[in-house]
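>>> With the sequence up front, the predicted model follows.
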Amino acid sequence: MNISNIFKTATLLCAAGAVTLMSGCAANQAVSVNGMAADGHEYLLTVTRPNQLHVIDTETKQVVRSCDVPGTFGTGAVQPSPDGRIAYVLTNGAEDVYGFDITNCDITFSAKQSQNGVKVKTFISLAISNDGKELYTVQNPTRKLNDRYEVLAPRLAVFNTADGLDAKSVRNFPVDRRITKIMTMKNGEVILGGADIKAINPVNGEVRMLSALQNWARGADWIPPDAFAMFTQGEHVGEYIMPYFTIKWNGDPGDMEQAEFWWGMSRIDIATGEVDERETVPFEFIVFNWITDPNDSNILYGAFNQLSKHDLSQNKTVDVIDLDHTFYSINMDRSRTIYIGGTSSDISIHNPDTLEKIGSIQLTGDMSTSDLRIARLL
Amino acid sequence: MKIKKSKHALLSVSALALMGTMLTPAASWATDGETLIQEKCLLCHTNTGNPEAPYSRISQQRKTPEGWHMTLNRMQRMNGLVISSDEVQAVIKYLSDTQGLAPSETAPFRYVLEQKPNVVEEVDPAYVEMCARCHSNARFGLQRRTLGEWQLHVNTHMAINPTTELHALARDRDWYDIAYNDVVPKLAVDYAFNDPAWNQWQAKVKPSLNGSWSVAGFMPGKGDYSAVLQTKETSKDNFSVSMKGHYADGTPLQGEGSAKVFAGYEWRASLTIDGIKMRQVMAAAEDGSSLSGRMYQSAHDEIGGELTAVHGSAVVALSPSAIKQGQQKEITIIGADLKGSVSLGNGVQVVKVLSRDADRVVVLAKATGSASVGMRNVSVGKAKAKAQLAVYDEVAAVQVLPNESIARIGGNGGNIAKMQSTYRALAFSAGKDGQPGTADDLRLGYMQALWSLQAFDEAAEHEKDLKYAGSIDGNGVFTPGDAGLNPERKFSTNNVGNLKVIAQVLDGDKAVEGDAHLLVTVPVFVKRAIQ
């Protein structure tokens, strides 16, 4: 590669990045932040036990930095900020949130959600506003009195990220029980994935239905879906994806002979809010999480004991390979390289076209239930 | 997934050291109990001022000694109660006696107190998914509470186990709302705090459990045994006990220990028998004429078997309990102080009395070829048998018990031991209709069998479960494989498996087979007094 070529590419990237970055780009074409390649360069974020946040360069597949997270391991939920610079991590038994500057491990934000005798648990629900100024969590509070507990109503809590350490929520709005995966849409609403998928306006708390799952109106021939997510992904294509499992009876409810077993999903385009809710492929094996191929939204990849590839246009599993062990989470970088993580201490790297394993990243501890997120550092 | 299942396999495991601590003698709990509650519990609980229910939360529940133990354990572990173990024992004793369960209330759920493994519970559909997916129905079936106390306990579940509402079979419904508003009112009726059974039992004069008992029991790997159990009340509800007897093959059995009685009938004993620490969990009959329950190894509660103790001199059991037409064989008659001549009923002749001990009489018996098929009453002198002898033509069917079972991998350097599972072969003859599996089948009792294993289904065959999951010995004792990931297996799976346990009973030159399902699975990390 000749010098002028490198120069051209850098300028081009810089121009693209500058729109959001709004900083002098031309002056410094070697775009980096604290020595880390930036300008949209992608980093993989995950948490391992005992409690470290790892920042992994998707180009070199090397861990560039590991930050100690205060408190005991939570669920390992991670939410990158829109500029990719800050990673918000749920920790301390899923009660506290800490924000880390991924370029130096500095803690820029913290919120202890349990206060005044009220214990608050957040089941992975972390999201950030499009301007990075507000952090959203769903809080599930209980209160311990002298000789009994009270169960309080869950709520969306809004924090100002600029409040820094020991931030307190600035607004709260009631939400449904059982909410796990949440994500902010381009219009600012926050998708709440629980029994049904709803959207809440974090300014005034208005809630609307996006995708009725538990309360879908399909009649007795279908069982209400078992929709569940303990992992967040979809940022690589700008979507929220909630997998579900359902049964179509084709006759008497309970008659397993006639029944069809289906995987399905509710997939929401976060730019438009458009919902794509449908059955995907027949249930043949367990798939924990799905991601969409950026080149073809009919292609999904799924992971658990197998890495699988599915074509929604045919409702078919088109390819499947066995993995070395069980994995929970899956994600993809800009070059369509697949990363599979969670459970143990190694991230398995795969080619999306052949599913073949092309690499592995060894971490210092088990990822357990942790997210595997993509941060694009600007 | 909303597929209704009414049967629920109970994944039973140990009660840890519970029984052990329960048996440490604490001198004067009867008087101390109430004082201790006032001193120790009212730091957090309140005096309600209502003499019917003086202590908040505490006065409106009734449960077994194990149930109270679980609650007090949580008070210490999660709520900050500071109390010595002697004081805990005193409080358990006091609450079990004053807010316990009547014999009729514990009767349906004794298996869980007895730590009996592999029980399949019949669970009301209202509870199957809502409650009995995490623990046994027995855990709450052995409690009686007011509506308010059931409600508060649902809140406790939500608070100490916040993901309760997110598990499979919970997240597909409004779990908290259903639990609080639908399940709780039903619990308050099915397991109501106010029940005449308890008032009547409390009013009753409790029988003395002092004296000499004839014991018949079974121990996996060893077989049937007979013994005399001597009990001596050293202070109210505390006993010193000794047991002396024989296994069916003549090997002697001997042990000593102590026992405590709760609520007038709950017998909990700890003995060392032939060097092995054993526990007895029994219930006394309401008239005090017998005790029945299970005895198991303290360190491996899956290794145990039922036992029955009958007050005074009686025939308690026969081993074996069937004889084939035309057959001559040894039969052990189990009971205490059996004096006088032995009668085995029509067509069954006592060829010879082989031996007599305090706990048994061994005879050589012969059934004539024409002895009619059916049950015979057995007596020794004046002692009439509770047990009967079956005369049969041929073995037509074999049931392997337990029919659904679980063993758990362990060991291999880890700190959780393997959990074995044990089987017995129960034989039947066909009865008049010549068809096994019908109502007129004759139960012949447990028989010796040849034991083997098979893959349960095609998937198990494919995964080579038979090779990895474990092995069974000649006594029907299954030992699971080592814990830990096994790189030889697909996905490096650990040595779990899905197997069929096969018993072959030989009857003349014919072999009759029965089988049972065995799931070899991973260890349980949390062990509770009541699973």
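Nice, I can see it.
>>> Compute the number of surrounding residues for residue B:478.
23 (other CB atoms under 10 Å in any protein chain shown). No exception for glycine: its C-beta is placed from N, CA and C like everyone else's.
>>> Tell me the residues of the stretch 401-531 of chain B that contact chain A?
Contact residues (CB under 8 Å from any CB of the partner chain) of the stretch 401-531 of chain B with chain A: B:485, B:490-492.
>>> Switch those over to CSV; also include secondary structure and distance to residue A:144.
Formatted as CSV, the entries for those read as follows, by DSSP: H, G, I helix; E, B strand; the rest coil; distance: CB to CB, whole Å:
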residue, secondary structure, distance to residue A:144
B:485, strand, 39
B:490, helix, 46
B:491, helix, 42
B:492, helix, 42
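>>> Please identify which two of the residues you listed are farthest apart in space.
B:485 and B:490 (11.4 Å; CB to CB).
>>> So for the residues of the stretch 401-531 of chain B next to chain A, which is the shakiest by pLDDT?
The weakest per-residue confidence within those falls on residue B:491 (77).
>>> What ranges does the stretch 1-150 of chain B have for its strands?
If DSSP state E, counting those that start in this stretch is used as the criterion, the strands of the stretch 1-150 of chain B fall at B:7-9, B:61-63, B:120-122, B:143-145.
>>> just flag whichever of those has the lowest average confidence.
Between these, the lowest average pLDDT goes to strand B:7-9, which shows a mean of 44.
>>> Looking at the stretch 51-200 of chain B, which residue is nearest chain A?
Per CB to the nearest CB, the residue of the stretch 51-200 of chain B with the smallest distance to chain A is residue B:159, at 3.9 Å.
>>> For residue A:177, see how far away that residue is.
Spatial separation of residue B:159 from residue A:177 under the definition CB to CB, to the nearest Å is 14 Å.
>>> now residue A:72
With distances taken as CB to CB, residue A:72 is found 25 Å from residue A:177.
>>> For the two, indicate the residue with more neighbours.
For residue A:72 versus residue A:177, the count of surrounding residues by other CB under 10 Å is larger for residue A:177: 19 against 14.
>>> now the more buried one, what's its secondary structure?
For residue A:177, the secondary structure call by DSSP: H, G, I helix; E, B strand; the rest coil comes out as coil.
>>> ok, it - contacts?
Residues near residue A:177 by CB atoms under 8 Å, 6 or more residues apart in numbering or on different chains: A:140, A:154, A:194-195, B:165, B:174-176.
>>> And residue B:287, by the same measure?
residue B:207 are the contacts of residue B:287 under CB under 8 Å, 6+ apart.
>>> Please, which helix or strand holds it?
According to DSSP states H and E, residue B:287 maps onto no helix or strand at all.
>>> tell me the pLDDT at residue B:243?
Residue-level pLDDT assigned to residue B:243 equals 97.
>>> try residue A:2
Listed pLDDT for residue A:2 reads 38.
>>> got it, and the one 10 residues further on?
As predicted, residue A:12 sits at a pLDDT of 36.
>>> Could you do residue B:524 as well?
At residue B:524 the predicted local confidence, pLDDT, stands at 78.
>>> how would you label it: helix, strand or coil?
Reduced to three states with three-state DSSP, the structure at residue B:524 is coil.
>>> List the residues that contact the closest residue to residue B:380 other than its chain neighbours.
Take residue B:380 and drop its neighbours on the chain: the residue closest to it by CB to CB, 6 or more residues apart in numbering or on different chains is residue B:338, 4.0 Å away. Residue B:338 is in contact with B:313, B:315, B:356, B:360-361, B:380-381, B:383, counting by CB under 8 Å, 6+ apart.
>>> Go again with 6 Å.
Under the criterion of CB atoms under 6 Å, 6 or more residues apart in numbering or on different chains, the contact list for residue B:338 reads B:361, B:380, B:383.
>>> do residue B:512 as well
Per CB under 6 Å, 6+ apart, neighbours of residue B:512: B:395, B:398, B:505.
>>> Tell me which helix or strand it sits in.
Under DSSP H and E, the secondary-structure element containing residue B:512 is strand B:510-521.
>>> ok, and for that strand, which residues are buried?
Taking 16 or more other CB atoms under 10 Å in any protein chain shown as the neighbour-count basis, strand B:510-521 is seen to contain the buried residues B:512, B:514-521.
>>> Then stretch B:167-186?
Under the neighbour-count criterion of 16+ other CB under 10 Å, stretch B:167-186 has B:169-176, B:178-180, B:183-184 buried.
>>> that older thread, and the residue of the stretch 51-200 of chain B closest to chain A, what's its pLDDT?
Model confidence at residue B:159, given as pLDDT, is 97.
>>> Would you agree residue A:111 is in contact with residue A:167?
Yes - shown here, residue A:111 and residue A:167 form a contact pair, counting by CB atoms under 6 Å, at 4.6 Å.
>>> so what sits against both of the two?
When contacts are counted by CB under 6 Å, 6+ apart, residue A:111 and residue A:167 have residue A:159 as shared neighbours.
>>> These two: who's more crowded?
residue A:111 (25 against 18).
>>> okay, the more buried one: pLDDT?
Per-residue confidence for residue A:111 comes out at a pLDDT of 98.
>>> Get me the contact residues on the stretch 201-350 of chain A for chain B.
In this structure, the stretch 201-350 of chain A approaches chain B at residues A:223, A:226, A:228, A:305, A:325, judged by CB under 6 Å from any CB of the partner chain.
>>> Which ones among these lie within strands?
residue A:226 (DSSP state E).
>>> In chain A, which residue is most central in space?
residue A:232 (2.0 Å; CA atoms, centre = their mean).
>>> What residues does it make contact with?
Taking CB under 6 Å, 6+ apart, one finds A:181, A:371 in contact with residue A:232.
>>> which residue sits closest to residue 223, ignoring its sequence neighbours?
In the absence of a named chain, this looks at chain A. Nearest residue to residue A:223 in three dimensions, chain neighbours excluded: residue A:247, at 4.7 Å (CB to CB, 6+ apart).
>>> nope, chain B please
Leaving out its chain neighbours, residue B:223 is closest to residue B:248 (CB to CB, 6+ apart), at 4.9 Å.
>>> ok, now how distant is that neighbour from chain A?
When distance is defined by CB to the nearest CB, to the nearest Å, residue B:248 is 46 Å away from chain A.
>>> mind checking the backbone torsions on that residue?
The phi and psi torsions at residue B:248 (degrees, to the nearest 10) take the values phi -60, psi -30.
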